[in-house]
Structures are given as C-alpha cells and as structure tokens.
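> 3D model of this:
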Amino acid sequence: MACRLADSMLLSKGPYHKPIRSQRIGAHCSSGICYLKWDKLPQKEIKRQKCSHRNRTTFIQAIAVPVAPSSPDSTEYRKQLCESYGFRQIGEPLPDNVKLKDIIDSLPKKVFEIDDVKAWKSVLISATSYAIGLFMISKAPWYLLPLAWVWTGTAVTGFFVIGHDCAHKSFSRNKLVEDIVGTLAFLPLIYPYEPWRFKHDRHHAKTNMLVEDTAWQPIPKDEFDSSPLLRKALIYAYGPIRPWMSIAHWWLVHFNLKKFRTSEVKRAAISLACVFAFMGIGWPLIVYKTGIMGWVKFWLMPWLGYHFWMSTFTMVHHTAPHIPFKSADEWDAAQAQLNGTVHCDYPSWIEILCHDINVHIPHHISPRIPSYNLRAAHKSIQENWGKYLNEATWNWRLMKTIMTVCHVYNKEENYVPFDRLAPEDSLPIAFLKKVMPDYA
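The predicted model follows:
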C-alpha cells in the first residue's frame, strides 16, 4: 500500500515561517499514507533542528503521523496504480452478480458476423507485408537488416492471427476452409495448428485460473524453492529472456502427443506431419538457394521477431500486479475475461500488420468475434462496461513492471518479485531495473 512523506523539509523566510521547498518520497508500508505533521509535541519525542535566519533562531518540530489510506476500490487509489504500473486506466472490480452472458448479450449482433471480403483482405495484407519484408531482407545492407527483420517478424505475426481466427471459427463459415487456411498460416512459424488450437481453447475456458490456464502463469512458491538450479533458470526465464519464452511454450506444449486427449490425437498428429513436412522441404530449399546464412536471415530472425511479439502480447494481455490468478473454487468467468484482460494500444503499423489482436478484451468476452470486428466490439464494451476495463498504451514502464515484479504467486499480493524472495540470485532482475527505461 502506498505511503508518502510530504513536506519533509521546511525553510524559514522572513518573519514568517513559510514553506518554500518540499520533497516527497514514496515507500511501501502497511499503515497507509503518512504525512509530516507540524505541531506541538512532547519534548522527549522531538528531534530539534536549529535553523537560523539573520539573528532569529527557530525550532521546527516534525513527526510522521499515519493518515487513513485510500481504499483499494477508490478512484484515487486506482489512479496511483495507473501511474505506478504504466496503465491508462485500471478498472473497478466487477460486481459479483454480473455474468459473462450479460456482457455478451450487451454486444451488437453485427460484431459476430463473418465477412468473407474482410477475412481474405487480412490474408492479402499479411501475404503482401511478408513479401515486402522478404524483399527488404534481400536488398538491405547489413546495418539495415534489423529493421527488415522487425518488419518481417511483425508481418508473419499477422499469419498467426489469421490462423488464430480460424481456430476460433471466426474466419469462414466453412470449417474445412478454416482448417486449411489455419494450417497453412501456421506453417511459416512451424507451429502445429491443431495442437495449438486445443491448448488455446483451454486458455479461453480457464483464463487466469491457477494451474489450468495454458498461457502465462505465476510461478508457484514451492516450485521456486524446489532447487537452486531451477530457481536461477526461472529468474532468467521470467526476467531477461521473457520476451522470447513463447519458444519454450511452443516446444514443450505442442509437440508431445501424450499431452492431448485421445479424441485430439489424430488431428494433432496430422498437424505435426504438416509442420515436419514444411521443415523437411522448406528449410533445405532455403539453404540450397541462399546458404545457411540465408536461412538465418530469411527465416530464423523473422521467426524470433514473431516470438518476441507472441511473448510480449500474451504477457501484456493478462499480466499485471493488480490482476489476480485464482483457484478453480474462487474463479469467475466474467471477472477473468473482463477484469483480467488488458486492452493495450500499440503503434498503428503494428496494429494493422497484427490485425488488432491487442484489442483483446472483446476477444475474451467472445472468441467468435472476427479480428476485423474487435474495434467495434471494444467500443460497445467501453460504452456499457467502460469503468471495469484495464487499458494501456504500450510503454516502457508497463513492460518494466511486468518483467521485474510479476513473478511468484502470492494469494494476498498476487505476485511477489524474485528479488524479495531470493535477492542473492536476482542479479538479472536488478540488471533489468537498472537498464530498462521508466517512461510511461
């Protein structure tokens, strides 16, 4: 809980004692907000500071006196959290009597409508932007290659979003078309479409539920304490390399058929066969035409760029110090999907290439909303449920908060940072705190 020491220094001016300089410092304590109170105190509690002005001598008496803290549900408290965490708005708690169906029913029917022209327009945008990126890579001098890789990695993320729509049955009315387009869209990412779809459906069904959510999870305390080697690995994974941790998720979750239900195995195996066929044919062709360095330039670096966005987007969508993960017996669908999801604005070119995937709250209210209707749906949600929304514009303070604070699960605080639990092992977190900008 925030605490403040205000007016910690007072200087004399002329015959009147008038404050002309003040200093504020922030802290955390359990007693709430504290201010310095200038008043008469018992002599034994006074620490006197002599201040002289000409021939005058004045004694100033000060003590920190607790003042009632802002309520966690108050507007002022949420504004303080916004400033601290890099948010534009932190929503009020959703009333317990609001159900997910109430929010879905408030949406206009047209936002659920599939438009084939808009759907294939998104394919055209991604294919064109990806082709432009490959052309840029082929022509760029070495010192401009990073810019070409950023563009191409962002463009190929658009393919993921198209496959994502197909998996949610919001791309086409034809299920076979969705399966084909989704599989093809995922191939440049060597992502198996059906295994991802099965796991991702569970993420929507169990958003921000402890253990059950298949996306980002707080680290359990017993896991963090289980071994020094694992502890150090987790500190790096949730610290400096967190923007690429979706690579570990991609590999560990989607390629092992034992992780799927019996009814899912056949479709998962077909997707894996497609991915391995792409790797077995596509990679050798790239190497044959451009060499190993060409494979690095044209495929690996854009792929790493895609995983940067994949990790970053999913982090920001559901991770913040004030957003709780709850056990199954406490979990509520409406609170998790509306209160536990973050809308984050990125630069326009990213939003266009990634088909508005970061207009994410309506997508969690109903995954059946096509990506090209997400903005209209979000506008409706703002009009009807706006005070409950978490909204931000991407900034460094937001990322710094997630990467240096949101680590180990704690029921009371939501997250406990690594450096509070194991400061001697948390040099990577200290490094991030030092080098990451704090601009909001």
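> switch to C-alpha atoms for all contacts and neighbour counts from now on
Will do.
> just for the stretch 1-150 of the chain, where's the confidence low?
Of all residues in the stretch 1-150 of the chain, those with pLDDT under 70 make up the ranges 1-73.
> Okay, helices next: where are they in it?
Listed in chain order, the helices of the stretch 1-150 of the chain (DSSP state H, counting those that start in this stretch) span 75-85, 100-105, 116-139, 145-167.
> how close does the residue positioned nearest the centre of the chain sit to residue 79?
Residue closest to the average C-alpha location in the chain (C-alpha atoms, centre = their mean): residue 316, at 1.0 Å. Distance, residue 316 to residue 79, by C-alpha to C-alpha, to the nearest Å: 19 Å.
> What residues of the lengthiest helix in the chain count as buried?
Longest among the helix segments of the chain by residue count, using DSSP state H, is helix 262-295. Across helix 262-295, burial judged by 16 or more other C-alpha atoms under 10 Å covers 265, 268-269, 271-272, 274-275, 278, 286, 294-295.
> Just give me how far it sits from the chain centre.
30 Å (C-alpha atoms, centre = their mean, to the nearest Å).
> Could you list every helix and strand in contact with that helix?
On a contact count with 3 or more C-alpha pairs under 8 Å, 6 or more residues apart in numbering; DSSP states H and E, helix 262-295 meets helix 193-205.
> elements contacting the helix it packs on?
helix 145-167, helix 175-186, helix 262-295.
> Go again with 7 Å.
On a contact count with 3 or more C-alpha pairs under 7 Å, 6 or more residues apart in numbering; DSSP states H and E, helix 193-205 meets helix 175-186, helix 262-295.
> coming back round to it: just the angle for the longest helix of the chain relative to helix 175-186, thanks.
40 degrees (axes from the mean of the first three to the mean of the last three C-alpha atoms, to 10 degrees).
> count of neighbours near the closest residue in space to residue 247 that isn't next to it in sequence?
For residue 247, ignoring the flanking residues on the chain, the nearest one in space by C-alpha to C-alpha, 6 or more residues apart in numbering is residue 307 at 6.6 Å. Using other C-alpha atoms under 10 Å, residue 307 is surrounded by 22 other residues.
> thought residue 307 was touching residue 246?
Yes: counting by C-alpha atoms under 7 Å, residue 246 is a contact partner of residue 307 at 6.1 Å.
> Compare the helices and strands packed on helix 193-205 and give me the one nearest residue 340.
helix 175-186 (27.4 Å; C-alpha to C-alpha).
> which outside residues touch the closest one?
The contact list for helix 175-186 (C-alpha atoms under 7 Å, 6 or more residues apart in numbering) reads 159-160, 162-163, 166-167, 171-172, 192-193.
> right, and the pair among the residues you listed with maximum separation?
172 and 192 (19.8 Å).
> Kindly provide the distance from the nearest residue to residue 327 once chain neighbours are set aside to residue 328.
Among residues not flanking residue 327 along the chain, residue 210 sits closest, at 5.2 Å (C-alpha to C-alpha, 6+ apart). Distance of residue 210 to residue 328, given as C-alpha to C-alpha: 7 Å.
> Compare these two (neighbour count), which wins?
residue 210 (20 against 13).
> Now for that one: which residues touch it?
Residue 210 touches 325-327, counting by C-alpha under 7 Å, 6+ apart.
> so after the helix or strand encompassing residue 309, what's the next helix or strand?
In this structure, residue 309 sits in helix 301-318 according to DSSP states H and E. Next in sequence after helix 301-318, counting helices and strands by DSSP H and E, comes helix 333-334.
> before we move on, back to that, of residue 172 and residue 192, give the one with the bigger neighbour count.
Ranked by neighbour count (other C-alpha under 10 Å), residue 172 and residue 192 place residue 192 first, with 25 against 21.
> I'd say that one and residue 277 touch.
No: if you go by C-alpha under 7 Å, residue 192 and residue 277 don't touch, sitting 11.3 Å apart.
> Once you drop chain neighbours, what's closest to residue 341?
That would be residue 318: by C-alpha to C-alpha, 6+ apart, it lies 5.0 Å from residue 341.
> Residue 153 versus the one you found, what's the distance?
With the distance defined as C-alpha to C-alpha, residue 318 ends up 23 Å from residue 153.
> quick one, what contacts the closest residue to residue 116 other than its chain neighbours?
Counting by C-alpha to C-alpha, 6+ apart, residue 116 lies nearest to residue 172, which is 6.7 Å off, once chain neighbours are set aside. Counting by C-alpha under 7 Å, 6+ apart, residue 172 touches 114, 116, 178.
> now swap in residue 396 and tell me
Residue 396 makes contacts with 437-440, as judged by C-alpha under 7 Å, 6+ apart.
> let's see it at 8 Å
86, 436-440 (C-alpha atoms under 8 Å, 6 or more residues apart in numbering).
> Quick one: buried ones out of those?
Among the contacts of residue 396, those scoring as buried are 86, 438, 440 (criterion: 16+ other C-alpha under 10 Å).
> if we can go back for a sec, what's in contact with the helix holding residue 309?
With C-alpha under 8 Å, 6+ apart, helix 301-318 has contacts from 149-150, 152-154, 156-157, 189, 208, 215-216, 242-247, 340-344, 358, 360, 399, 402.
> Any idea how far it is from the middle of the chain?
Relative to its chain's centre, helix 301-318 lies at 10 Å (C-alpha atoms, centre = their mean).
> same question, stretch 224-243
18 Å.
> now do stretch 224-244
Mean-position distance between stretch 224-244 and its chain equals 18 Å (C-alpha atoms, centre = their mean).
> Buried among the contacts of residue 172? Make that a PyMOL selection.
This is the PyMOL syntax for the buried subset of those, where burial follows 16+ other C-alpha under 10 Å:
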select buried, resi 114+178
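> Including distance to residue 427, could the contacts of residue 172 go into CSV?
Putting the contacts of residue 172 into CSV (distance: C-alpha to C-alpha, whole Å) gives the following:
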residue, distance to residue 427
114, 50
116, 51
178, 46
